[in-house]
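Engineer: sequence and computational prediction follow.
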Amino acid sequence: MVTALSALAEPTRLEAMRLLADGSEHCVCELVRRLGATQSRMSRHMQVLRQAGLVVDRRDAQWVRYRINPDLSPPLIRLVEAALERRIMVTEQAA
């Protein structure tokens, strides 16, 4: 839980989670464009979120796509929703 709180404490990571809260996958290129971060910086932010167990990634050719981890525990879902001040959509990967 402390790792997740620490990951969400950084403004860019928090904004990335807000974008992912719609339940869709988003590629790093989209996160870079929408959040104004460099590609390498955004990749590092997403690595922190992944290591905290908040997001999962999927490689799609040269792109990496992220979404909120569908296996978040109910307490972590509540924590993320409180941090984002909104409900999140957690979906399984499309086949």
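Structural biologist: Received it, and whenever you're ready, just let me know what you need. Note that the structure is predicted; figures quoted are calculated from it, not measured. Numbers count the residues shown, from 1 in each chain.

Engineer: so where's this protein shaky on pLDDT?
Structural biologist: Applying pLDDT under 70 to the chain flags residues 92-95.

Engineer: go with 80
Structural biologist: For the chain, the stretches flagged by pLDDT under 80 are 91-95.

Engineer: which residues of it fall in strands?
Structural biologist: For the chain, the strands defined by DSSP state E occupy 26-27, 55-60, 63-68.

Engineer: which of those strands sits most buried?
Structural biologist: Ranked by mean neighbour count, those are led by strand 63-68 with a mean of 20 (mean count of other C-beta atoms under 10 Å). Yep, even glycine has a C-beta here, placed from its N, CA and C like the rest.

Engineer: starting from it, tell me which strands it pairs with and how they run.
Structural biologist: strand 26-27 (antiparallel), strand 55-60 (antiparallel) (DSSP bridges).

Engineer: nearest to residue 66, out of the ones you listed?
Structural biologist: Distance to residue 66, taken as C-beta to C-beta, is lowest for strand 55-60 among these, at 4.9 Å.

Engineer: what residues does that closest one touch?
Structural biologist: When contacts are defined by C-beta atoms under 8 Å, 6 or more residues apart in numbering, strand 55-60 is touched by residues 17, 20, 25, 27, 46, 49-50, 64-70, 93.

Engineer: residue 84: which of those is nearest?
Structural biologist: residue 17 (6.0 Å).

Engineer: contacting residues for that closest one?
Structural biologist: Residue 17 touches 8, 49, 54-55, 68, 80, 83-84, counting by C-beta under 8 Å, 6+ apart.

Engineer: swap in residue 77?
Structural biologist: Applying C-beta under 8 Å, 6+ apart, one finds that residue 77 lies in contact with 88, 90.

Engineer: now swap in residue 66 and tell me
Structural biologist: Under the criterion of C-beta under 8 Å, 6+ apart, the neighbours of residue 66 are 16, 20, 25-28, 31, 46, 49-50, 55-58.

Engineer: in the longest helix seen in the chain, what's buried?
Structural biologist: The longest helix of the chain (DSSP state H) is helix 39-51. Across helix 39-51, burial judged by 16 or more other C-beta atoms under 10 Å covers 42, 45-46, 48-50.
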